[in-house]
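Asks: next comes the sequence, and after it the predicted model I'd like to discuss.
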Amino acid sequence: MIAAMYFLTATLNGKSLMQIQKKLEDSLLQTWLNSVYVWGPVQILQQAVIPIQYRVAVANVVSYFWDTYLSYMMMTDSQGSAQMVVATDDDAAEDREVDCRKAEQQRRHTSRRRSSVVRRRSSWRILDDDDNDDDGKDADDS
């Protein structure tokens, strides 16, 4: 399971297969050993000491810290420095451009719907105020 998490995290961060393999070789064994050191005693204590109604809560608390550690291990390189994924100004400009394109497409779609309604209504007769008298006569005839 730990290997799958390493693989998935590295893949989603854009790492190559060679980089993923090196990361697994560098970190997998130590991370697995640490999981045995953490979860072994936790499970022994849960079965021996912790009342049954609190076992899930204890596992959740330990899991919170374990997941934080695991996330840190997945995002560090072999020298122990954390790798940060930082968005650049180019990324922000690209995101704005994509948003503008989406907004333009939405506007075009909306205007197409409006024009189709107008086309359907164009066959209707639109009366002016002068043509819409109560007696049915034009205003000039009175």
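Replies: Yep, it's here.

Asks: where along the chain do the helices fall?
Replies: Using DSSP state H, the helices of the chain run over 2-12, 17-48, 55-74, 89-121.

Asks: any idea of the angle the second one forms with helix 2-12?
Replies: Same thing as helix 17-48. Counting by axes from the mean of the first three to the mean of the last three C-alpha atoms, to 10 degrees, helix 17-48 lies at 140 degrees to helix 2-12.

Asks: which secondary structure elements does helix 17-48 contact?
Replies: Counting by 3 or more C-beta pairs under 8 Å, 6 or more residues apart in numbering; DSSP states H and E, the packing neighbours recorded for helix 17-48 are helix 2-12, helix 55-74. (Glycine included, C-beta is placed from N, CA and C.)

Asks: closest one to residue 29 among the ones you listed?
Replies: Closest to residue 29 of the helices and strands packed on helix 17-48 is helix 2-12 (C-beta to C-beta; 9.9 Å).

Asks: and that closest one, which residues are buried?
Replies: 2, 6-7, 9-10 (16 or more other C-beta atoms under 10 Å).

Asks: stretch 50-63 now?
Replies: Across stretch 50-63, burial judged by 16+ other C-beta under 10 Å covers 59, 62.

Asks: can you count the residues close to residue 72?
Replies: Neighbour count for residue 72, taken as other C-beta atoms under 10 Å: 10.

Asks: quick one on the thing from earlier: can you tell me which of the helices of the chain the model trusts least?
Replies: Ranked by mean pLDDT, these bottom out at helix 89-121, with a mean of 66.

Asks: quick revisit: in CSV: the helices and strands packed on helix 17-48, plus distance to residue 18.
Replies: Listed next are these as CSV, based on distance: least, C-beta to C-beta, whole Å:
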stretch, distance to residue 18
helix 2-12, 11
helix 55-74, 17
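
Asks: tell me which of those lies nearest to residue 40.
Replies: With C-beta to C-beta as the criterion, residue 40 lies closest to helix 55-74 of the helices and strands packed on helix 17-48, at 11.5 Å.

Asks: give me the packing partners of that closest one, helices and strands only.
Replies: The helices and strands touching helix 55-74, judged by 3+ C-beta pairs under 8 Å, 6+ apart, are helix 2-12, helix 17-48.
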